[in-house]
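In: A predicted structure for the sequence below; I have some questions about it.
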Amino acid sequence: MIESPSFVYKILSDPPPVPLASSQPLITPLDVQSGFMHLSTATQVPKTLARFYGTAERVFIVQIPFAGTFREGCKWEESSTGELFAHLYGDVGKPDDQEWVVREVQRAVDLDWAQALLSATWLEF
């Protein structure tokens with residue numbers, strides 16, 4: 001088991017609905033196929049972006065407090081790379097008592113995601 005983070009991050013290709021609502025889980029086609037919501041820690045975000053969004057020039061990253069229903073519904077499971085990732089099971093949307101921050105992140109074509117996120121001080125473990 002890894003140290004419990006303060007936040008987990010959901011990466012999306014398209015902007016999420018505004019405002020974020022508890023009735024709308026942030027799921028992607030990969031989440032539907034897998035049966036759970038894929039989440040990343042701050043240190044995993046650049047690797048997740050490289051693997052699944054390598055050619056994208058823009059993504060939306062949702063910073064989610066790792067507490068309450070999110071913490072309770074998450075299981076830390078080993079990925080194909082051997083690293084533990086948070087997987088959220090169930091139809092959990094944004095709890096009314098939590099603030100989720102959505103950031104649009106862009107990168108120049110000549111930068112990889114790790115380089116594009118070097119100044120992202122908002123990525124917190």
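Out: Cool, the structure landed.
In: Which stretches in this protein count as strands?
Out: 7-12, 37-38, 58-65, 74-78, 84-88, 101-106 (DSSP state E).
In: C-alpha coordinates for the top helix by length along the chain, PDB please?
Out: The residue-count maximum for a helix in the chain (DSSP state H) belongs to helix 45-52. The C-alpha trace of helix 45-52 is given here as PDB (Å, rounded to 0.1, in the frame of the first residue of the first chain):
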ATOM      1  CA  VAL A  45       0.000  12.300 -13.700                       C
ATOM      2  CA  PRO A  46       2.900  12.900 -16.200                       C
ATOM      3  CA  LYS A  47       3.200   9.100 -16.800                       C
ATOM      4  CA  THR A  48      -0.500   8.700 -17.300                       C
ATOM      5  CA  LEU A  49      -0.500  11.600 -19.700                       C
ATOM      6  CA  ALA A  50       2.400  10.100 -21.600                       C
ATOM      7  CA  ARG A  51       0.800   6.700 -21.900                       C
ATOM      8  CA  PHE A  52      -2.800   7.700 -22.700                       C
END
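In: Against which helices or strands is that helix packed?
Out: In terms of contacts (3 or more CB pairs under 8 Å, 6 or more residues apart in numbering; DSSP states H and E), helix 45-52 is packed against strand 7-12, helix 113-116. The C-beta positions use only the backbone N, C-alpha and C, and glycine is treated the same way.
In: let's see 6 Å
Out: Contact analysis of helix 45-52 by 3 or more CB pairs under 6 Å, 6 or more residues apart in numbering; DSSP states H and E lists helix 113-116 as its packing neighbours.
In: What is the helix it packs on packed up against?
Out: helix 45-52.
In: in the helix it packs on, what's buried?
Out: 45, 46, 47, 48, 49 (16 or more other CB atoms under 10 Å).
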